[in-house]
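A.B. asks: Generate coordinates for the sequence data below:
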Amino acid sequence: MKRGLCKFVGLLIAALFFSSNLLFAESNEGSDIQINTYKKENIIPLLTTLQEWSVREFGNAPYLYAPPKENIVAASDILFVNGKDALIALAKKEEQVVGIIALIAFDALEQYFGVDLFHRIQKAGFDPSQILYVGYFLTAPEYHNDPDVVQALYATCADYAKQLGKTQICYMDDVGLPGAPPLNDQIEPWGAVIHGFKSTGVQISLSWPTKDSDVVKEREHILEFYAKDL
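C.D. replies: The predicted structure follows:
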């Protein structure tokens, strides 16, 4: 998820200033991994971290995401502040953030993806109101797709979906350029640690600043949605 910001900047600065007083919406501990969850205004101080992690991880193929350096927040990520049932969870080990997921009700995405996507999802046999969408599922480089970190975050995701009464979880993935070699490593844990997701057969086209050799240019990417029953 990568799209206006005057009013938001003031709110962001205020939130960053008072971030030390923000409360976790929830805190769970399992083995040595602690999960902290955040909602609404408590997400605001995390948006710069989300962007930093996105640039680091999605800068790799097939996304090759390369936004201008002055973009410290992705405008589209404001959806996680204002969107219906949005939640961000951080996984920590000894106070180090080792993983992050960003969740939102799928039917809250109509303003971003447009109503046509919802018609196509329904035609494919899915109910948008029953789906929790995973916008990000990222791990720190030294814990890349670490099973313990991933499973702790995925359990949080599944529990939250059930709490909301959702019956499915979905994500989307860049299908890559035609003829591109297969990836040696997955950016997110789908298919590497987390299994059981199947293609919905629904694709969308999105564009973002993309590394192309030594230059960066806006390029269209085809992304496909995958879903799993809870």
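A.B. asks: quick one: average pLDDT of the host helix or strand of E52?
C.D. replies: E52 belongs to helix 47-58 when assigned by DSSP states H and E. The average pLDDT within helix 47-58 is 96.
A.B. asks: any residues touching it, and which ones?
C.D. replies: 2, 12, 64-67, 71-74, 77-78, 80-81, 88, 97, 100, 102, 136, 138, 141, 187-188 (Cβ atoms under 8 Å, 6 or more residues apart in numbering). Using the backbone N, CA and C atoms, a C-beta is placed for each residue, glycine as well.
A.B. asks: before we move on, what about stretch 214-230?
C.D. replies: 62-63, 66, 121, 126, 131, 158, 161-162, 166-175, 190, 196-200, 202-210, 212.
A.B. asks: Let me know the distance separating T139 from E70.
C.D. replies: Separation of T139 from E70 (Cβ to Cβ, to the nearest Å): 26 Å.
A.B. asks: circling back to that earlier point, ok, of the contacts of stretch 214-230, which come out buried?
C.D. replies: Taking 16 or more other Cβ atoms under 10 Å as the criterion, what is buried in the contacts of stretch 214-230 is 62-63, 66, 121, 126, 131, 161, 166-174, 190, 197, 200, 202, 206, 208-210.
A.B. asks: about what we covered before: so between T139 and E70, which is more surrounded?
C.D. replies: T139 (24 against 5; other Cβ atoms under 10 Å).
A.B. asks: Just give the nearest non-adjacent residue to that one, would you?
C.D. replies: Spatial nearest neighbour of T139, excluding adjacent residues (Cβ to Cβ, 6 or more residues apart in numbering): G99 at 4.5 Å.
A.B. asks: which helices and strands sit right next to the helix or strand hosting that neighbour?
C.D. replies: Per DSSP H and E: G99 is located in strand 96-105. Packed against strand 96-105, as judged by 3 or more Cβ pairs under 8 Å, 6 or more residues apart in numbering; DSSP states H and E, are the following elements: helix 47-58, helix 79-82, strand 87-93, strand 131-139, helix 147-163.
A.B. asks: now could you export just the CA positions of the helix or strand that that strand is followed by as PDB?
C.D. replies: Toward the C-terminus, strand 96-105 is succeeded by helix 110-113 as the next helix or strand (DSSP H and E). What follows is helix 110-113, C-alpha atoms only, in PDB (Å, rounded to 0.1, in the frame of the first residue of the first chain):
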ATOM      1  CA  GLU A 110     -12.700   0.700  -1.000                       C
ATOM      2  CA  GLN A 111     -11.500   4.400  -0.800                       C
ATOM      3  CA  TYR A 112      -8.000   3.200  -1.900                       C
ATOM      4  CA  PHE A 113      -8.600   0.400  -4.400                       C
END
